[in-house]
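Asks: Model the structure of this input:
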Amino acid sequence: MTDLAERFPENPLLRPEDVRPSIEGLRVECVLNPGAFRHQERTGLLLRVAERPAPRDGFVSTPVLDPCAENGVRVLEFRTDDPDLSRLDPRVFQYRGKTYLTTLSHLRLAWSADGVRFIVDEEPALIGEGRMETFGLEDCRVARIDGTYCLTFTVVSEFGIAVGMATTSDWKAFQRRGVIVPPENKDCALFEEKIRGNFYCLHRPSAGAIGGPYIWLAHSPDLIHWGGHRAVAATRRGKWDSNRVGAGASPIRTDEGWLAIYHGADNAGRYCLGALLLALEDPSRVLARSEEPIMEPVEEYERRGFVGDVVFTNGHIVDGDQLTIYYGASDTAICGARFSIRGILDALSH
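Replies: Presented below is the predicted three-dimensional model:
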């Protein structure tokens, strides 16, 4: 094992009990996978807060957004002995051919003066809106481009999983830009500067019988319309990232290339972190890739939770050579770890 992480001794930084439910009748099941940024000398996290009703024996339920319902949320409930019900894992179930999530997620801000102790806002920053977001918003990545914070996040509905976008300059007013990449897609990380006159992003379509959940690259003139899609990194048989891969936060410019932190899962569903090094002028060209993870789920809070054996990141802060990664542990709580960028580069296999 080559685990390069210096975990915060204060981990977990935020747990479900640290977050107030957004609606009466729901409880916070998980707080996870935050976007990270700096604003006015504070560290901000844009948390994914996953909520659901208290469980009832003999039933499985899911909350969905419905503007006609009281409090804007409708709870669907099914008997566990119903032959039309299929429970896939703690996160997902199917009923009569339709797939549902067991929780409803929104995005909420948390603030810190030291990057360790966070105070969570009482109310959500962004919740699902419209037919494309009835199952909620998840896993936001934050990129600062020309003084504007650009937020890319997963939107979920009965129509599929897609990439939505919003922008803000002050973290008070948000401009929604709608779906920028259609289903099935997620894990969209924007580069924070143009390359050869275009914006770039990494994203993760989900393939069917041919291909797989691989990392792709695209470019855009305006951050809204994306084209030039190319596969960058696929899964690798027999390795720690054999089942799926997806981008973390914005790639980091180094003298040697763009350093992109990514997650990979094996066939047992164990999630680790690794790194790609992409060419500065042509980020579709992979210069190096982690043979072994740079971080694995080894601590108790990473191994046991809502979904065990998971470290997952979509948020980091760069301070010179120090990379502070904020990550979801076991799909339950939020933790932090520090890395040396030089150390990650030296560990890559060229």
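
Asks: how about the strands in the stretch 151-300 of the chain?
Replies: 160-168, 175-181, 185-190, 199-205, 215-220, 227-233, 244-247, 252-254, 257-265, 271-278, 286-289 (DSSP state E, counting those that start in this stretch).

Asks: before we move on, what about the stretch 1-150 of the chain?
Replies: Ranges of strands within the stretch 1-150 of the chain are 6-7, 27-39, 42-52, 59-65, 73-79, 85-89, 92-95, 98-101, 104-112, 119-120, 137-145, 148-157, based on DSSP E, counting those that start in this stretch.

Asks: Let me see the confidence value for the nearest residue to Asp66 once chain neighbours are set aside.
Replies: Closest residue to Asp66 apart from its sequence neighbours, by CB to CB, 6 or more residues apart in numbering: Arg74 at 4.0 Å. All C-beta atoms are positioned from the backbone trio N, CA, C, and that covers glycine. The score at Arg74 is 89. That number is its pLDDT.

Asks: Run through who's touching stretch 163-179.
Replies: 39, 44, 109, 125-126, 129, 132-133, 137, 147-155, 162, 180-181, 185-186, 188, 203, 223-224 (CB atoms under 8 Å, 6 or more residues apart in numbering).

Asks: Would you write a PyMOL line that selects the buried entries of the residues you listed?
Replies: Applying 16 or more other CB atoms under 10 Å to the contacts of stretch 163-179, the buried members can be selected in PyMOL as follows:
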select buried, resi 39+44+109+125+126+132+133+137+149+150+151+152+153+154+155+162+180+181+185+186+188+203+223
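
Asks: returning to what we had before: you'd agree the residue nearest to Asp66 is up against Val64?
Replies: Yes. Counting by CB atoms under 8 Å, Arg74 does reach Val64; the two are 5.6 Å apart.

Asks: circling back to that earlier point, could you say which one of the strands of the stretch 1-150 of the chain comes nearest to Val286?
Replies: Closest of the strands of the stretch 1-150 of the chain to Val286 is strand 137-145, at 20.2 Å (criterion: CB to CB).

Asks: if we can go back for a sec, turn the strands of the stretch 1-150 of the chain into TSV, columns for distance to Asn314.
Replies: Shown next, in TSV, are those (distance: least, CB to CB, whole Å):
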stretch	distance to Asn314
strand 6-7	18
strand 27-39	6
strand 42-52	9
strand 59-65	22
strand 73-79	25
strand 85-89	20
strand 92-95	20
strand 98-101	18
strand 104-112	12
strand 119-120	18
strand 137-145	5
strand 148-157	9
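
Asks: That's all I had, so thanks and see you.
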